[in-house]
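Visitor: Generate coordinates for the sequence data below:
(chains A and B)
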Amino acid sequence: MATHPAPDRSTGPGRSGDPDRTTTSTVTLRVNGVPRRLTLDNRTTVLDALREHLDLTGAKKGCDHGQCGACTVLVDGRRTNSCLLPAVAHDGAEITTVEGLAELVGPAEGGALHPLQQAFVDRDGFQCGYCTPGQLCSAVGAISEAAAGHPSYVTSLTAGPPGPPVPLSPDEIRERMSGNLCRCGAYPNIVGAIEDVTR
Amino acid sequence: MSTTSTPGPVRVEGREKVTGAARYAAEHTPPGTAYAWPVPATIARGRVVSVDAGRAMDEPGALAVLTHENAPRLKDVDDATLLLLQNDRVPHRGWYVALAVARSLEAARAMAAAVRVTYAAEDHDAVLAPDHPGLYVPDEANGGFPGSRERGDFDTAYERAAVRVDATYTMAGLHNHPMEPHAATARWEDDRLLAYDSSQGATTVQKTLAALFGTDKERITVVSEHVGGGFGSKGTPRPQVVLAAMAARHTGVPVKLALPRAQLAAVVGHRPPVIQRVRLGAGEDGTISALAHEVITQTSTVRQFVEQAATPSRTMYVSPHSRTTHRVVALDVPSPSWMRAPGEASGMYALECAMDELACATGVDPVELRVRNDTATEPDSGKPFSSRHLVECLREGARRFGWHERDPRPRSRAEGRHLIGTGVASSCYPVYVSASSAQARVDGDGRFSVRVNATDIGTGARTVLTQIAAEALAVPMDRVAVEIGSSALPTAPLAGGSCGTASWGWAVHKACRALGDLIGEHAGTVPAGGLTVTADTSDDIVSEPPQAKSSFGAQFAEVRVDADTGEIRVSRLLGVFATGRILNARTGRSQLVGAMVMGVGMALLESSTLDTRFGDFAERDLASYHVPACADIRDIEAHWIDEHDPHLNPMGSKGIGEIGIVGTAAAIANAVHHATGVRVRDLPLHPEKLLA
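Guide: As a prediction, the model looks like this:
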């Protein structure tokens, strides 16, 4: 998986020039590789910045409380619930949304899909599709974490810490994907799709 | 037998859904869009004395606070849950008493928090009890079923029965909680309304908005192109689209409203709590002579909704002497409504657990017991079933599951600290169909298009309708474009009652066949201007068919129960269904499996506790209302029997959206009894109930 260099946050977010200096800030979010300069209400989350200010509606709002995972995006390469992130605290952050997933694996010219996107289509890894962007971003993150040797609750530690990579068995996938709820119950097909890509 | 080696086409909108291009109701932002945030009542019953919006209006970007004093007046409609901000009454906690509107989402939310509402609270009653003096027998339960039915002489037959089971099953309320919260974006322009709504049927929303706002439905367009799940909770219009339209009319700008997840429990419907007493009288061989299924449930004071939980007992088994009744009481609580398989999911939990208790009491194998009580005619109506393959589902499921290896004695199998058990339950769901219209067109260049206001809430409707059209036109799928999800398209019923494919598909099939004939009349040459045919199935649908029509199935569960903690895991779940012809094995299997997953939630996890002191549900978010997560679902299979039934529709299909949740909870509860020897008659099966 692509990794991103740590952003330079030494300058901090800029105060906006408008009269109401105390309630808005100007930040630059690097979204799917493109710097996007925005003046935002300090209460605006990364999720609302994407959906309401950048018209990137791929990341979904299911609960707005970090409980469902529909808003999952990659922030500096790590999967994160974007509904819990104040945008003002993420000046300079590299954000990858479902709209930018295909470009992680190469130029998305001609409408090429990320292998996980294709696997979700082939496996019917969704029904209503509302949790799907979060599932996909979460799966990309989970695969990176396993590749980096991060254990999960079900990783056996009896022989000591696992060296990278942690093999992604179905149990490992189920555990690592349990932060992303799917009310349609597409879990078996989601696990199958991730297995197809990691096998 | 079955299961379809060709998996069926992938979803036609799959690419849009995996790239984030598919737009849902809150993902349309016309220029100048404002945002709304509702204010729920904090009392269970009473009146609004005053609403102080002063501090709220100080918020930068504030546009308006709507209350019953300044909101647009609505005309009366049947569904009183939609008569919002019309008077000072508070019928239950969570009822909306104000709506904040602002130029930004953040401002609207802050405004809603700053609105100060003063109430005159009254004593409230939110306690459902079997001896509640307000209980009454409704003329009709949901679906138009009689509230009460008697056949033969139950009391005498039950008294004389060699074996009797008398058990009462309880379950808390359940919430649909689709992943997409109920959302709408509304814009009035020149007295015309365009609303994007998260709905299971835009035609119904259009008609209802026209009635509420006293305007012609031709002046209203409702779009529900992509819908993030519904499971019944978006079946009819819900508050979001009414409030968004009111706010847009009041402010003169487009308004977007996504209901906050924490407010949903009180305002978009739920499966109500149900108390069910089932009595079975049988011979020593398990043949049922007397069956009583008596349901007690609640509704709100706003609208009567009666979960028709006793109705499966009118369909399932031989029962010469039968009593099936509903009693309901209107409490000061949120209004219940449709949740996936209303009546069947709840009712079959009780009936199928009672069947397991009868199996234990008679010593008859639970599969064999159900086979012995199979019937070719529907007991309550006396009509023959158009097709019924319950026995085949039971036998095929037993074979696939390895049922015959089972030791029937409870607590007979353990591995380490886990007690292992297996259970079975039947499934059923009625076959419904509604009249629909559809339009089929061929362009001069030979490309086909079909227009019908169907809704794809994740069922695969868009894909299956494309298949039906292609099959009727005898052309490949990629030459047919199906347009759905807008009230501007030919009128069609909502996605509910598992009858979307049958209803819309029938009209699509009819239009496409007629178009094919028309092309034939032109000797196969399509004029440059193309050809268009519109079809309507109003005259094709028989309102009182001579047959009883239903889907059937059987579900088998294996559970592992931690003997120390009582934690229950479903290690295997297998269903076999007989639901007519499956039109797309890929999406069809997803429907069945997905509903079984929801059934696991009903069995083990999901519960909406009515806090009787406050008159509202305690579980208000997805951290407290537990739906199954990925790790909860392990080995789960859905199979089907190829069923040919000429009495259905041109496709030969029955509905598949709901039957998968019917019986799951009973199969799991029966497996838990087999594993532990403990009979818990209350859902969900939380560990503490086993340890008590």
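Visitor: what kind of secondary structure is the closest residue to chain A within the stretch 551-692 of chain B in?
Guide: Using CB to the nearest CB, the closest approach of the stretch 551-692 of chain B to chain A is made by B:V597 at 2.9 Å. Every C-beta, even on glycine, is put in place using the N, C-alpha and C of the backbone. Recorded secondary structure, B:V597: helix (DSSP: H, G, I helix; E, B strand; the rest coil).
Visitor: Leaving out sequence neighbours, find the closest residue to it.
Guide: Nearest residue to B:V597 in three dimensions, chain neighbours excluded: A:G185, at 2.9 Å (CB to CB, 6 or more residues apart in numbering or on different chains).
Visitor: Now do the same for A:T11: its pLDDT.
Guide: pLDDT, A:T11: 43.
Visitor: if we can go back for a sec, wait, isn't the residue nearest to B:V597 in contact with B:A629?
Guide: No: A:G185 is beyond contact range of B:A629, at 10.8 Å (criterion: CB atoms under 8 Å).
Visitor: residues contacting the residue of the stretch 101-250 of chain B found nearest chain A?
Guide: Residue of the stretch 101-250 of chain B nearest chain A, by CB to the nearest CB: B:G228 (3.0 Å). By CB atoms under 8 Å, 6 or more residues apart in numbering or on different chains, B:G228 lies in contact with A:K60, A:C128, A:G129, A:Y130, A:C131, B:Y24, B:P178, B:M179, B:E180, B:S198, B:I457, B:G458.
Visitor: Then B:R55?
Guide: Applying CB under 8 Å, 6+ apart to B:R55 gives the contacts B:A114, B:V115, B:R116.
Visitor: Please tell me how far it sits from chain A.
Guide: 16 Å (CB to the nearest CB, to the nearest Å).
Visitor: Now name the helix or strand holding that residue.
Guide: Under the criterion of DSSP states H and E, B:R55 resides in helix B:54-57.
Visitor: Whichever helix or strand comes after that helix pairs with which strands, parallel or anti?
Guide: Once the chain leaves helix B:54-57, the next helix or strand it forms, by DSSP H and E, is strand B:62-66. If you go by DSSP bridges, strand B:62-66 pairs up with strand B:96-102 (antiparallel).
Visitor: Run through who's touching the partner strand.
Guide: By CB under 8 Å, 6+ apart, the residues outside strand B:96-102 that reach it are B:34-41, B:48, B:51, B:53, B:56, B:59, B:61-68, B:71, B:84-85, B:90, B:108-109, B:111-112, B:115, B:117, B:239, B:243, B:246-247, B:250-251, B:255, B:257, B:267.
Visitor: repeat that for 7 Å
Guide: Applying CB atoms under 7 Å, 6 or more residues apart in numbering or on different chains, the contact partners of strand B:96-102 are B:34-41, B:48, B:51, B:56, B:59, B:61-67, B:84-85, B:90, B:108, B:111-112, B:115, B:117, B:239, B:243, B:247, B:251, B:255, B:267.
Visitor: can you pull out the strands in chain A?
Guide: Applying DSSP state E to chain A gives strands spanning A:14-15, A:24-31, A:34-41, A:72-75, A:78-81, A:94-96.
Visitor: Can you give the domain ranges for chain B?
Guide: B:25-123+B:179-229+B:234-267, B:140-174+B:270-431+B:546-691, B:434-536 (automatic domain parsing).
Visitor: Reformat the ones you listed as TSV; add mean pLDDT.
Guide: Formatted as TSV, the domains of chain B follow (pLDDT from 0 to 100):
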stretch	mean pLDDT
domain B:25-123+B:179-229+B:234-267	98
domain B:140-174+B:270-431+B:546-691	97
domain B:434-536	96
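Visitor: Next, format those as JSON lines and append distance to A:L84.
Guide: Below are the domains of chain B laid out as JSON lines (distance: least, CB to CB, whole Å):
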{"stretch": "domain B:25-123+B:179-229+B:234-267", "distance to A:L84": "14"}
{"stretch": "domain B:140-174+B:270-431+B:546-691", "distance to A:L84": "13"}
{"stretch": "domain B:434-536", "distance to A:L84": "26"}
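Visitor: closest to A:I173 out of these?
Guide: domain B:140-174+B:270-431+B:546-691 (7.6 Å; CB to CB).
Visitor: The closest one: end-to-end distance?
Guide: Taking CA to CA, to the nearest Å, domain B:140-174+B:270-431+B:546-691 runs 40 Å from one end to the other.
Visitor: who touches the residue of the stretch 551-692 of chain B closest to chain A in this structure?
Guide: Counting by CB under 7 Å, 6+ apart, B:V597 touches A:G185, A:Y187, B:P628, B:I633.
Visitor: For the first one, give its distance to B:V424.
Guide: Put plainly, it is A:G185. Going from A:G185 to B:V424 by CB to CB, to the nearest Å gives 21 Å.
Visitor: out of the two, which sits in the busier spot?
Guide: Taking neighbours as other CB atoms under 10 Å in any protein chain shown, A:G185 and B:V424 compare with B:V424 leading, 30 against 27.
Visitor: quick one, phi psi at that one?
Guide: Note on B:V424: backbone dihedrals following degrees, to the nearest 10 are phi -130, psi 150.
Visitor: Chain A versus that one, what's the distance?
Guide: Here B:V424 is placed at a distance of 21 Å from chain A (CB to the nearest CB).
Visitor: List the contacts of the residue in chain A positioned nearest to chain B.
Guide: At 2.2 Å from chain B, A:G58 is the closest residue in chain A, using CB to the nearest CB. Each residue near A:G58 by CB under 7 Å, 6+ apart is listed here: A:T97, A:V98, A:E99, A:P133, B:G20.
Visitor: Between these, which sits nearest B:E140?
Guide: Distance to B:E140, by CB to CB, is smallest for A:P133 among the contacts of A:G58, at 42.5 Å.
Visitor: burial count for the nearest residue to the closest one once chain neighbours are set aside?
Guide: Closest residue in space to A:P133, ignoring its immediate chain neighbours: A:V98 at 3.6 Å, by CB to CB, 6+ apart. A:V98 has 29 neighbouring residues, counting by other CB under 10 Å.
Visitor: My guess is A:V98 contacts B:G20. True?
Guide: Yes: contact criterion CB atoms under 7 Å: A:V98 and B:G20 qualify, at 4.0 Å.
Visitor: okay, and the common contacts of those two?
Guide: A:G58, A:P133.
Visitor: Are any of the contacts of A:G58 buried, and if so which?
Guide: The neighbour count (16 or more other CB atoms under 10 Å in any protein chain shown) marks A:T97, A:V98, A:E99, A:P133, B:G20 as buried among these.
Visitor: can you name the two of those residues that are farthest apart?
Guide: Taking CB to CB as the measure, these span a maximum distance of 8.4 Å, between A:E99 and A:P133.
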